[in-house]
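S.K.: the following block contains a protein sequence and its predicted model.
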Amino acid sequence: MSAALTLAQVTSLLEARYPLASAEPWDAVGLVCGDPASPVRRILWAVDPVDAVVEQALASDVNLIVVHHPLLLTGVHSVAATDAKGRVIHRLISSGIALYCAHTNADVAVPGVSDALAAAFGITDTRPLDASGLGRIGRLPVPIPLGDFASVVAAALPATHHGARVLGDPDAIVSTVAVCGGSGDSLLPVATEAGADVYVTADLKHHRALEHREEGGCAVIDVAHWASEWPWLAQAAELLTVDVAAQGATVESLVSEIPTDPWTASVRSQS
């Protein structure tokens, strides 16, 4: 049996892929809790550090949870178990499970969050959508109508009550596709200027989408935030497995399929 790497060694490999310095200044990335000297044999990958994910970690006997979204994004003066985040910290520490976050540094990495999203839709020949490294733009192997592509998007991502909302003519043919995992409304004009026929992202608000449409912007598909970032988990897990193997060690990775999208139901409007 191959020796396990320590938590410090695993975090070093993660930070080679997702450098802490590449995160946005407001972000909170890196090791949240855990003993750097402890061995890591099993890792659970998830988008959100919520109680259900901790429950899965406990049931799966993992040593480390790697998440995309930070647990403690804003400054705190207490991690007492008097609120949800405090309880997560206490359960992790008492169970000997480490928590690590790669957020905006994973967004701009190559490959990163948007690369995984583009790959899920079969987009090829991708390049960064903007100079900061956010988003990707590429081409579909075969041009298809927007309505059909929306079905591809919905089928490729985990099911959510949000689904895939479409802005644009469903019969319009699309071949050039831009994507941005997570909240990507800031790149709406960039996607249009880059020649995208359609832009896939999450968290679009009414006024921003309406302005984009009225200004003649490209078609848009809006998906659930959690779903848009979920494909990165498997990609990151596979990369870490390769990096760990290069050190002569092994690690087992589990990708959480627990839906942490906050919306639990939807009801269609009656026509």
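M.R.: Done, it's in.
S.K.: how many residues are close by Asn105?
M.R.: 22 (other CB atoms under 10 Å). (Each C-beta comes from the backbone N, C-alpha and C, glycine too.)
S.K.: go on, Ala28?
M.R.: There are 17 residues near Ala28, going by other CB under 10 Å.
S.K.: and it, what is it in contact with?
M.R.: Pro70, Leu72, Leu73, Thr74, Cys101, His103 (CB atoms under 8 Å, 6 or more residues apart in numbering).
S.K.: list the residues that contact the closest residue to it other than its chain neighbours.
M.R.: Nearest non-adjacent residue to Ala28, counting by CB to CB, 6 or more residues apart in numbering: Pro70, 4.3 Å away. Pro70 is in contact with Asp27, Ala28, Val29, Val32, Pro49, Cys101, His103, counting by CB under 8 Å, 6+ apart.
S.K.: what of Asp203?
M.R.: Gly182, Ser183, Gly184, Asp185, Asp222, His225.
S.K.: and it, how far from Asp222?
M.R.: 8 Å (CB to CB, to the nearest Å).
S.K.: ok, the contacts of Pro70 vs Ser132, which is closest?
M.R.: Ranked by distance to Ser132 (CB to CB), the contacts of Pro70 are led by Asp27 at 13.4 Å.
S.K.: tell me the contacts of the closest residue in space to the closest one that isn't next to it in sequence?
M.R.: Using CB to CB, 6+ apart and skipping the chain neighbours, the partner closest in space to Asp27 is Thr104 (4.7 Å). Thr104 makes contact with Ser22, Ala23, Glu24, Asp27, Val29 under the criterion CB under 8 Å, 6+ apart.
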